[in-house]
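**Student:** Need coordinates for the below:
(2 chains)
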Amino acid sequence: MGLFSFFKTEKKKNTANLAKERLQILIAHERTDKSQKSPDYLPKLRDELVQVIRKYVHVSDKDVNVNLEKGEDFDTLELNITLSDNK
Amino acid sequence: MSKVIVVTSGKGGVGKTTSSAAFSAGLAARGHKTAVIDFDVGLRNLDLIMGVERRVIYDFVNVINGEATLKQALIKDKRVDNLYILPASQTRDKDALTKEGVESIINELKEDGFEYIVCDSPAGIEKGAFMALYFADEAIVVTNPEVSSVRDSDRILGILQSRSKVAEEGGAVKEHLLITRYSPDRVEGGDMLGMDDIVEILSIPLIGVIPESGSVLQASNSGNPVIMDKESAAGQAYEDVVSRFLGEEIPLRFTHVEQKKKGFFQKIFG
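**Tutor:** Next up, the predicted model:
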């Protein structure tokens, strides 16, 4: 261990680690974009929709259906809310 | 049983053609009848790297269009037995490549007893690159330890897994990661992505690591595949790649900084 190695290491930033972190985030994102799976925001969207609808009418969790379908030219976000008779 | 191997990367300038030349020359030198095809229509360079640029008469597209036979277009290497080069066309556009045309050439090579058919892919994810990978049984993905190269390799892996013929038929292309232009001292200094990090990110098995080496440029200057330079670290690393591809298990070389004895002043000043 040399006298000045302490100062040397402090000056130098480890950019390789930064590169790895950026790549891991980016590639994970790009892989999910490509796959045909439903996006991960769907469950949260569904919960928030239930809360908004409950302000006005009574619905249970299972009465709200959120579905995303991928088509050739466009994707369709389908909301299906079943209202029961007793308000 | 012949095998079609694509050498691909997505990004340009990472060493696809250098690797295709070295890999095919290495396979042929071990007695395997090997053809290497340049898929970079419009920008052929494999002929130059392999030193046969003055012997090109007919090309890939001439054969597809029936203007020449495959035998007329294949250039037999004068240094290595069993090695044949099919150059790309320099003038035509990429639409000259058709699935049917490429397939008929690959089938004819198989019938002629070629054991390995190495497809040197152009950069990008356009038609030429797609044609190079479509018929592949195995893929060598060439990656530099650098963010844009790693990202593009991941894109190409996605295409291999979804759009190649093997994938369409429900199978999987066997993937190999080849890291080139690797500088162990820069990795240890924290300036360059390490091989373990790249393997972790791309999660495909590593077939070799080629160190950054002046001998690669010297080899291309003289038109000799770098694998023929037995003295150079890069040449030896490519030999190891060929051995591993043929099933040998050998340890990686040239991936760590060689331990030098520190001098008196280095000891003190670090």
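**Student:** what ranges do the helices span in the stretch 101-250 of chain B?
**Tutor:** B:127-134, B:147-163, B:165-168, B:184-188, B:195-202, B:214-222, B:233-245 (DSSP state H, counting those that start in this stretch).
**Student:** okay, these in JSON lines with distance to B:Gly31, mean pLDDT and mean neighbour count next?
**Tutor:** Any C-beta I mention is one placed from the backbone N, CA and C, and that applies to glycine too. What follows is the helices of the stretch 101-250 of chain B, written out as JSON lines (distance: least, C-beta to C-beta, whole Å; pLDDT from 0 to 100; neighbours: other C-beta atoms under 10 Å in any protein chain shown):
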{"stretch": "helix B:127-134", "distance to B:Gly31": "25", "mean pLDDT": "95", "mean neighbour count": "22"}
{"stretch": "helix B:147-163", "distance to B:Gly31": "29", "mean pLDDT": "95", "mean neighbour count": "19"}
{"stretch": "helix B:165-168", "distance to B:Gly31": "27", "mean pLDDT": "95", "mean neighbour count": "16"}
{"stretch": "helix B:184-188", "distance to B:Gly31": "33", "mean pLDDT": "95", "mean neighbour count": "16"}
{"stretch": "helix B:195-202", "distance to B:Gly31": "30", "mean pLDDT": "96", "mean neighbour count": "18"}
{"stretch": "helix B:214-222", "distance to B:Gly31": "22", "mean pLDDT": "95", "mean neighbour count": "15"}
{"stretch": "helix B:233-245", "distance to B:Gly31": "12", "mean pLDDT": "98", "mean neighbour count": "21"}
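**Student:** Helices along chain A, start to end?
**Tutor:** A:5-11, A:15-34, A:42-54 (DSSP state H).
**Student:** For chain B, find the nearest of these.
**Tutor:** Nearest of the helices of chain A to chain B, taken as C-beta to the nearest C-beta: helix A:5-11 at 3.4 Å.
**Student:** Residue numbers of the stretch 1-150 of chain B in contact with chain A?
**Tutor:** Listed as neighbours of chain A in the stretch 1-150 of chain B under the rule C-beta under 8 Å from any C-beta of the partner chain: B:Glu146, B:Val147, B:Val150.
**Student:** Is the first one in contact with B:Leu193, as I believe?
**Tutor:** Going back to what we said before, that points to B:Glu146. Yes: B:Glu146 is within contact range of B:Leu193, at 7.0 Å (criterion: C-beta atoms under 8 Å).
**Student:** neighbour count winner among the two?
**Tutor:** Using other C-beta atoms under 10 Å in any protein chain shown as the criterion, B:Glu146 and B:Leu193 rank with B:Leu193 on top: 25 against 15.
**Student:** which one is that one nearest to, not counting chain neighbours?
**Tutor:** B:Pro145 (4.2 Å; C-beta to C-beta, 6 or more residues apart in numbering or on different chains).
**Student:** How many residues are close by that neighbour?
**Tutor:** 24.
**Student:** and it, what does it touch?
**Tutor:** B:Ile179, B:Arg181, B:Tyr182, B:Ser183, B:Val187, B:Met192, B:Leu193, B:Gly194, B:Met195, B:Ile198 (C-beta atoms under 8 Å, 6 or more residues apart in numbering or on different chains).
**Student:** do the same with B:Val173
**Tutor:** For B:Val173, counting by C-beta under 8 Å, 6+ apart, the contacting residues are B:Leu133, B:Ala136, B:Asp137, B:Glu138, B:Ala139, B:Leu160, B:Gln161, B:Ser164, B:Val166, B:Ala167.
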